[in-house]
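*Asks:* I'll drop the sequence and a predicted model, then ask my questions.
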Amino acid sequence: MSQKFSYEIMEEIAVLSKNNKGWQKEINLVSWNGNPPKFDIRDWSPNHEKMGKGLTLTNEEMDTLKLFLSTFE
């Protein structure tokens, strides 16, 4: 049984990398199933028709990650 879900990319923030098939690893703000948008890091096919597995972060989680990453030189 497959579950239906919806998504809307609210803001495209950055492309981290692109592979030779045109898929891009991106950071975006995405609304899943009509919920408030979250930061989302995942691979997307051209035109955002297909997606790979990814990671979603709340604003608080993103703030913690930014703080952690700022400790690296």
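*Replies:* It's in.

*Asks:* Spatially, which residue comes closest to S6, not counting chain neighbours?
*Replies:* N33 (5.6 Å; Cβ to Cβ, 6 or more residues apart in numbering). (Each C-beta comes from the backbone N, C-alpha and C, glycine too.)

*Asks:* what pLDDT does E73 get?
*Replies:* What the model reports as pLDDT for E73 is 75.

*Asks:* Based on its surroundings, how many neighbours for it?
*Replies:* 3 (other Cβ atoms under 10 Å).

*Asks:* what do you get for V30?
*Replies:* Residues near V30, counting by other Cβ under 10 Å, number 23.

*Asks:* Would you confirm that it contacts Y7?
*Replies:* Yes: between V30 and Y7 there is a contact at 5.5 Å, judged by Cβ atoms under 8 Å.

*Asks:* Quick check: which element contains the residue nearest to the spatial centre of the chain?
*Replies:* With distances taken as Cα atoms, centre = their mean, D40 lies nearest the centre of the chain, 2.3 Å away. Using DSSP states H and E, D40 falls within strand 38-44.

*Asks:* per-residue confidence for the closest residue to K53 other than its chain neighbours?
*Replies:* Nearest non-adjacent residue to K53, counting by Cβ to Cβ, 6+ apart: R42, 6.6 Å away. Note on R42: pLDDT of 98.

*Asks:* And R42, how far from L29?
*Replies:* From R42 across to L29, the span is 13 Å (Cβ to Cβ, to the nearest Å).

*Asks:* Walking through the chain, point out its helices one by one.
*Replies:* Using DSSP state H, the helices of the chain run over 59-69.

*Asks:* which residues of it score low on pLDDT?
*Replies:* Applying pLDDT under 70 to the chain picks out residues 1-2.
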